[in-house]
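[1] Here is a sequence together with a model predicted from it:
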Amino acid sequence: QVQLVESGGGSVQAGGSLRLSCAAFGYTVSWYSMGWFRQAPGKEREGVAAIGRDGSTRYADSVKGRFTISQDNAKNILYLQMNSLKAEDTAMYYCAADPSWRWLLPTYKYWGQGTQVTVSS
């Protein structure tokens, strides 16, 4: 059974950094494409960053140059390093996984429960 567990969220001031982690259980991260999504109250879920099985990455324009997606295949963990955080980055962040390449579309098959990120200005 595939399970994704996020951690690392919290409260930070604008300009600060956080690193989110997503521990994967029941499969090997390198076999799946994986992504990070976020959803703010009253807004639709949006793709933030994605990584394919070949290591290729995609980022939303709003986070390019500030966020970095990576994975540790030995530990089976997906990361999202978030730097230069802004108030508009405040949202619940979710990791997702799928056997197929889903880019930044919220159509992944498996989802975690989310971790809250709050950025104060």
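    Okay, I see it.

[2] For the most centrally placed residue in the chain, give me its contacts.
    Of all residues in the chain, the one closest to the mean position by CA atoms, centre = their mean is Trp36, 2.3 Å from it. By CB atoms under 8 Å, 6 or more residues apart in numbering, the residues touching Trp36 are 20, 22, 47-50, 67, 69, 78, 80, 93-96. Bear in mind the C-beta positions are built from the backbone N, C-alpha and C, glycine included.

[3] can I get those in a markdown table with pLDDT and secondary structure?
    Converted to a markdown table, these look like this (pLDDT from 0 to 100; DSSP: H, G, I helix; E, B strand; the rest coil):
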| residue | pLDDT | secondary structure |
| --- | --- | --- |
| Leu20 | 98 | strand |
| Cys22 | 97 | strand |
| Gly47 | 98 | strand |
| Val48 | 98 | strand |
| Ala49 | 98 | strand |
| Ala50 | 98 | strand |
| Phe67 | 98 | strand |
| Ile69 | 98 | strand |
| Leu78 | 96 | strand |
| Leu80 | 98 | strand |
| Tyr93 | 98 | strand |
| Tyr94 | 98 | strand |
| Cys95 | 97 | strand |
| Ala96 | 97 | strand |
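
[4] that older thread, give me the pLDDT for the residue nearest to the centre of the chain.
    For Trp36, the model assigns a pLDDT of 98.

[5] Run through the bridge partners of it.
    In this entry, Trp36 is beta-bridged to Ala49, Cys95, by DSSP bridges.

[6] let's number from 858 now, not from 1
    Yep, numbering from 858; the last one is Trp893 now.

[7] No further questions, thank you.
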